[in-house]
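**Student:** for reference, the sequence and a predicted model appear below.
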Amino acid sequence: MAEVTTPPGPSEVDKVAAARAAIGRKAWPAAFELLSAADREMTLSGADLEALALCAFFAGQPQVEDDARERAFTAWLNEGDEIRAAFVAIAHARNLGRLGKASLAAGWVRRAEQLLPPDGETYAHGYLLLARSEFAASQGNIADALELADRAVAIAGRSSNADLRAWSLAHIGEMKIASGDTPRGIEMLEEASVAAVNGELTPFTSGVTACRLISACRDLSDYRRASEWIEATERYCRRESVAGFPGVCRVHRSEVAAVRGAWQQAETDLLQATEELGRFRATMPQADGYYAIGEIRRLRGDIEGAEQALREAHALGHSPQPALALIRLAQGKVKPAVAAIDAALDDEGANAWRRSALLPAQVEILLAAGDVAAARAAVDEYAATVAQYPSPATEARRRVATGRVLIAEGDAPGAAKELRASIRSWQQVGAPYEVARARVELARALRATDDADDAALELRAALDEFQRLGAPLDAATVERLLADAEDRSRAPEQVRRVFMFTDIVGSTTLAEALGDAAWERLLRWHDDTLRRLIRQGGGEVVNSTGDGFFVAFPTARKAVDSAVAIQRALRDHRETTGFLPPIRIGLHAAEANRRGMDYSGIGVHVAARVGALAGSGEILATVETLREAGEGSGEGAAASREVSVKGVSAPIEVAPVAWG
């Protein structure tokens, strides 16, 4: 029996007509409600189902959007318009691809291919070429991707399809930037974006196109250009009553505001934007927002909050680097920081501009690790990249990184010249935090040239700025540098201390075997445990060596007892969990020069050498230290042996401490 279809009554037809009128007025919520009601009461056409999908996007209803677009495909087929059905299939596939659903996207593209005659010239053929280009680019096949996108632009011109032209130009522009032709890439993105903010494109295409240009400017640190396009896009969104995209603009505006020091307001706006973007499935802008929150919290000293936000960004597809590596560096975990930034650079491969976002941080981390040659190579790579498209911000970053390397290479006057120029560039950008950071590096260069007064002047200016911004970790660093400078201005204090050096045995091999995440958890437990036991034992951590500590104790007795407590705590944890890498500990009592929190002298060198000579799970001490510790300490002096230490003419007698 044939199905009987009741024709729509006047009220349903009126709702569709009212919805179309509402769309014409850009009254998206009203149009969505009217079309949704009509959809429950009658069979909508392919065009009206496409309109429902668009309204659902602006209403933040992603499930309705997907369902309406899929039904629009079927409706167009039933109406006999295979070209439009293919277009809808491709649009759905590209949206699925942005959501990471590659297999579903591929299936819809193949469905469109079956509907379109080969080598056609319709707008749908242009979108098919664009989809193929986007896939080729995602696979790293840029040459084919560019050729396909160029063909899509040509079809857009012949078919007078402004949206297709904008999508294709923006896509080509991003590929040009990624492959090194940055000025041409920006030109193409600007050409597409002018059409967007001028209202020449459909609302969805307009928002995405303009946001792609703003994102590119952000990535290039071209904050002036980004601000211009943010303002233009926001005007367009207000004029067109477009929701969703203002959340993207708020992310970008907040990123610029954070550079200019408005951290509290930027974080507040970012939290609002990320929540809003989640409703619109704007995954990548939302991930950008979480990363920006993580960066702000890192600078404000909220490490736990920063890591939480960076985890959110990572879950949405945004790398947590370099922010997470810089957090590890600030925690004194140099080796994990090196491993994290190296892995991030490996992931970016040949994408020069994405690598450039990581290289300044890599320079800082490598210098902390003592690898000056690798830091110099990173500076050179960064300089070569940003020379393609210089801006005040990239020039400032280049000069700061160069200044840091020159200090490490011993060219303090050259470093001071670069750093003074970087301060001027950062002031031009209006980036107070970066100005203060550059002042700290300039102070280091000036101190190396014995210009103590100017160094102190730079440090005090930096301290004032850090305190005003609310950057407690940076402020604390500068306060230590000022205190250290004051101590250095006086004669060094001669003291006697017992120095301890600890080190995880085979740390490099273990890190490779465990992987970054597991190794980081193990290091965190190791660091927290040793710091607690050292503090309980009366010692002071002079500094961290990445997977070990340099510690000073007031007496040999306290040093020996603390070393024993550390080894026993590690043994107990190993027995409970089944695994924990062993550490070695070296002890030596000696006279040393003390300036502030720093110790220097041959005694420190001997202690470090004794630590390096210790075996896995061993406490090795100079016999002199064991004698100072007193009777009944379990020194085991009978097992002593003589060793040679570079820089010391006479052999040194060492012995293990029995702690089991």
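**Tutor:** Great, that's in hand. Numbering: from 1, shown residues only.
**Student:** pLDDT at Gln494, what is it?
**Tutor:** According to the prediction, Gln494 has pLDDT 87.
**Student:** in three-state terms, how would it be classified?
**Tutor:** Secondary structure, DSSP: H, G, I helix; E, B strand; the rest coil: Gln494 is strand.
**Student:** next one: Ala590
**Tutor:** strand.
**Student:** and the strands in this protein?
**Tutor:** Assigned by DSSP state E, the strands in the chain fall at 493-504, 540-544, 549-553, 583-595, 598-600, 619-622, 641-643, 652-656.
**Student:** most packed of those strands?
**Tutor:** Of all the strands of the chain, strand 619-622 carries the top mean neighbour count, a mean of 28, counting by mean count of other CB atoms under 10 Å. Every C-beta, even on glycine, is put in place using the N, C-alpha and C of the backbone.
**Student:** that strand pairs with which strands?
**Tutor:** Note on strand 619-622: by DSSP bridges, its sheet partners are strand 583-595 (parallel), strand 652-656 (antiparallel).
**Student:** what lies in contact with it?
**Tutor:** With CB atoms under 8 Å, 6 or more residues apart in numbering as the test, strand 619-622 has contacts from 560, 563-564, 567, 584-589, 606, 610-611, 613-614, 635, 652-657, 659.
**Student:** same thing but at 6 Å, please
**Tutor:** 563, 585-588, 610, 613-614, 652, 654, 656-657, 659 (CB atoms under 6 Å, 6 or more residues apart in numbering).
**Student:** same question, stretch 269-288
**Tutor:** Contact partners of stretch 269-288, identified using CB under 6 Å, 6+ apart, comprise 60, 62, 244, 247-248, 250-251, 254, 289-290, 292-293, 313, 316-318.
**Student:** got a pLDDT number for the residue lying closest to Ala396 once chain neighbours are set aside?
**Tutor:** Excluding its sequence neighbours, the residue lying closest to Ala396 (CB to CB, 6 or more residues apart in numbering) is Ser425, at 3.6 Å. pLDDT for Ser425: 94.
**Student:** tell me how many other residues crowd Ser425.
**Tutor:** 22 (other CB atoms under 10 Å).
**Student:** on that earlier part again, which among the contacts of stretch 269-288 gets closest to Ala306?
**Tutor:** Proximity of those to Ala306 (CB to CB) peaks at Ile293, which lies at 8.0 Å.
**Student:** give the contact list for the closest one.
**Tutor:** Contacts for Ile293 (CB under 6 Å, 6+ apart) come out as Glu267, Leu270, Ala309.
**Student:** need the nearest residue in space to it, chain neighbours excluded.
**Tutor:** Beyond its immediate neighbours in the sequence, the residue positioned closest to Ile293 (CB to CB, 6+ apart) is Ala309, lying 4.1 Å away.
**Student:** report the separation between that neighbour and Gly470.
**Tutor:** In this view, Ala309 and Gly470 are 17 Å apart by CB to CB, to the nearest Å.
**Student:** on that earlier part again, which two from the contacts of strand 619-622 end up farthest apart in space?
**Tutor:** Ile652 and Trp659 (21.1 Å).
**Student:** doesn't Glu395 make contact with Ser425?
**Tutor:** Yes. Counting by CB atoms under 6 Å, Glu395 is a contact partner of Ser425 at 5.1 Å.
**Student:** which residues sit against stretch 515-530?
**Tutor:** Here stretch 515-530 has contacts from Lys333, Pro336, Ala511, Phe549, using CB under 6 Å, 6+ apart.
**Student:** picking up where we left off before, compare Ala309 and Gly470 (neighbour count), which wins?
**Tutor:** Shown here are Ala309 and Gly470; by other CB under 10 Å, Ala309 has more neighbours (26 against 14).
**Student:** quick one, grab the pLDDT at Arg25.
**Tutor:** For Arg25, the model assigns a pLDDT of 86.
**Student:** just to revisit the earlier point, can you add pLDDT and give the contacts of stretch 515-530 back as TSV?
**Tutor:** Listed next are the contacts of stretch 515-530 as TSV, based on pLDDT from 0 to 100:
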residue	pLDDT
Lys333	89
Pro336	92
Ala511	71
Phe549	92
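**Student:** just name the closest of the residues you listed to Ala352, please.
**Tutor:** Pro336 (26.0 Å).
**Student:** for this structure, give me the ranges with low pLDDT.
**Tutor:** Confidence mapping of the chain against pLDDT under 70 gives the ranges 1-13, 242-246, 491, 516-517, 545-546, 596, 631-638.
**Student:** still on that earlier bit, out of the contacts of stretch 515-530, grab the one that's most surrounded.
**Tutor:** When those are compared by neighbour count (other CB under 10 Å), Phe549 ends up highest, at 25 neighbours.
**Student:** verify the contact between it and Glu540 for me.
**Tutor:** No. Between Phe549 and Glu540 there is no contact under CB under 6 Å: 10.3 Å.
**Student:** count the neighbours of Gly630 for me.
**Tutor:** When neighbours are defined as other CB under 10 Å, Gly630 has 12 of them.
**Student:** roughly how far does the closest residue to it other than its chain neighbours sit from Glu618?
**Tutor:** The shortest distance from Gly630 to any non-neighbouring residue, by CB to CB, 6+ apart, is to Arg557 (6.2 Å). Counting by CB to CB, the gap from Arg557 to Glu618 is 19 Å.
**Student:** for Ala17, see how far away Tyr382 is.
**Tutor:** 59 Å.
**Student:** correction: Leu54
**Tutor:** According to CB to CB, Leu54 stands 17 Å off from Ala17.
**Student:** higher neighbour count, these two?
**Tutor:** Ranked by neighbour count (other CB under 10 Å), Leu54 and Ala17 place Leu54 first, with 21 against 12.
**Student:** and Ala431, its phi and psi?
**Tutor:** Here the main-chain torsion angles of Ala431 (degrees, to the nearest 10) amount to phi -120, psi 90.
**Student:** was I right to think it contacts Ala257?
**Tutor:** No. At 11.1 Å, Ala431 does not count as touching Ala257 under the criterion of CB under 6 Å.
**Student:** report the contact partners of the most centrally placed residue in the chain.
**Tutor:** In the chain, the centroid-proximal residue (CA atoms, centre = their mean) is Gln321; its distance is 3.1 Å. With contacts defined as CB under 6 Å, 6+ apart, Gln321 is in contact with Ala344.
**Student:** and the gap between it and His314?
**Tutor:** Distance from Gln321 to His314, by CB to CB: 9 Å.
**Student:** got it, and Ala287?
**Tutor:** Distance, Ala287 to His314, by CB to CB: 8 Å.
**Student:** who's more crowded, these two?
**Tutor:** The residue with more neighbours, out of Ala287 and His314, is Ala287; 21 against 17, by other CB under 10 Å.
**Student:** picking up where we left off before, could you export the strands of the chain as JSON lines, including distance to Ser36?
**Tutor:** Listed next are the strands of the chain as JSON lines, based on distance: least, CB to CB, whole Å:
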{"stretch": "strand 493-504", "distance to Ser36": "61"}
{"stretch": "strand 540-544", "distance to Ser36": "60"}
{"stretch": "strand 549-553", "distance to Ser36": "64"}
{"stretch": "strand 583-595", "distance to Ser36": "65"}
{"stretch": "strand 598-600", "distance to Ser36": "70"}
{"stretch": "strand 619-622", "distance to Ser36": "74"}
{"stretch": "strand 641-643", "distance to Ser36": "83"}
{"stretch": "strand 652-656", "distance to Ser36": "79"}
